[in-house]
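Chemist: with the input below, show me the fold.
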Amino acid sequence: MMLDQKKARHLVADDTYQRLRHALFNFVLMPGDRITEQQLCERFNVSRTPVRQALFRLQQEGYVEVLFRSGWRVLPLDFKTFDALYDFRILIETESVQRLCDGRIQGSLERTNSVLEDLRATWFVQKPNRNYNIQTVSRLDEEFHCAIVRAVGNLVIEQTHLEITERIRIIRKLDFTRNTRIDATYDEHARILRAILTKRSEQARLLLRAHVEASQTQVRQITLHQLEQTRQTLSAKEAEWVY
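Modeler: Numbering: from 1, shown residues only. Next up, the predicted model:
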């Protein structure tokens, strides 16, 4: 019985964390917003303990800070750090592309080919069959880049790349609030993948670098006004506190 209760408390705490993180990543809670534990308890219909645990986890991850006797505040986005993470991401992904084109993989060739075939099925599609849902395309874009690194088979590099991916996820979906950018992502991913499949390493590296740097440039230009517009767009479609 004690173990069941402990497991139940852990599940509630993790669920509260995920829901609060969802609100942060979808800009339902904006940088600078102030929140109290009581507000979150009422919103999520849970006790203060899981709320506090969730907030402390998010504090450690750099998303919120505690204010003396006045609740919590959502921290401003650290664009300098994001810029550095994008630089690191480019290094990892271009090296992964080079290894794929050279055949320098760790693990089975069958596994690598399977990963690449899955990407072909997702991105080699015509406009009428493309997905224009912001959340879905953001997830597919992330998976594309992670899959390229995963296809190489180096678990240490893959884990490092996943950690970077996790940290930039909060701003990544800002790239997909316009259909024109979604179409460009489909086209660019297809070109990168064709270059990899035909072993044109230099072209693949250049295409991938240009693709990621375009996103990096968009991040550098983000303003609070754009964040507010994004919140309105996402809220109107799918960003909810409860999901």
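Chemist: need phi/psi at the residue nearest in space to the middle of the chain.
Modeler: Nearest to the geometric centre of the chain sits R169, at 2.6 Å (CA atoms, centre = their mean). Dihedral pair for R169: phi -60, psi -30, per degrees, to the nearest 10.
Chemist: per-residue confidence at it?
Modeler: For R169, the model assigns a pLDDT of 87.
Chemist: just checking, it touches E142?
Modeler: Yes - assessed by CB atoms under 8 Å, R169 is found in contact with E142 at 7.0 Å. For glycine as for every other residue, the C-beta is placed from the backbone atoms N, C-alpha and C.
Chemist: what about this structure, any weak spots by pLDDT?
Modeler: The chain contains residues with pLDDT under 70 at 1-3, 173, 175-179, 222-243.
Chemist: would you map the strands across it?
Modeler: Taking DSSP state E, the strands of the chain run over residues 34-35, 64-67, 71-74.
Chemist: make TSV out of the ones you listed and add mean neighbour count and distance to R21.
Modeler: Below are those laid out as TSV (neighbours: other CB atoms under 10 Å; distance: least, CB to CB, whole Å):
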stretch	mean neighbour count	distance to R21
strand 34-35	16	13
strand 64-67	16	10
strand 71-74	18	12
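Chemist: pipe the ones you listed into a markdown table and attach distance to N129 per row.
Modeler: Formatted as a markdown table, these follow (distance: least, CB to CB, whole Å):
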| stretch | distance to N129 |
| --- | --- |
| strand 34-35 | 41 |
| strand 64-67 | 40 |
| strand 71-74 | 38 |
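Chemist: if we can go back for a sec, ok, now how distant is the residue nearest to the centre of the chain from D141?
Modeler: 11 Å (CB to CB, to the nearest Å).
Chemist: which positions within stretch 11-27 qualify as buried?
Modeler: For stretch 11-27, the buried set under the neighbour-count rule, 16 or more other CB atoms under 10 Å, comprises 12-13, 16-17, 19-27.
Chemist: just to revisit the earlier point, mind listing what the residue nearest to the centre of the chain touches?
Modeler: R169 makes contact with F25, E142, according to CB atoms under 8 Å, 6 or more residues apart in numbering.
Chemist: the helices in the protein, which residues?
Modeler: 2-25, 37-44, 48-60, 79-102, 109-123, 134-152, 155-172, 179-197, 201-220, 224-237 (DSSP state H).
Chemist: dump stretch 144-152 to PDB, restricted to CA.
Modeler: What follows is stretch 144-152, C-alpha atoms only, in PDB (Å, rounded to 0.1, in the frame of the first residue of the first chain):
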ATOM      1  CA  PHE A 144      14.200  14.900 -38.400                       C
ATOM      2  CA  HIS A 145      17.300  16.500 -36.900                       C
ATOM      3  CA  CYS A 146      17.500  14.000 -34.000                       C
ATOM      4  CA  ALA A 147      17.100  11.100 -36.500                       C
ATOM      5  CA  ILE A 148      20.100  12.200 -38.600                       C
ATOM      6  CA  VAL A 149      22.300  12.200 -35.500                       C
ATOM      7  CA  ARG A 150      20.700   8.900 -34.300                       C
ATOM      8  CA  ALA A 151      21.400   7.200 -37.600                       C
ATOM      9  CA  VAL A 152      25.200   7.500 -37.000                       C
END
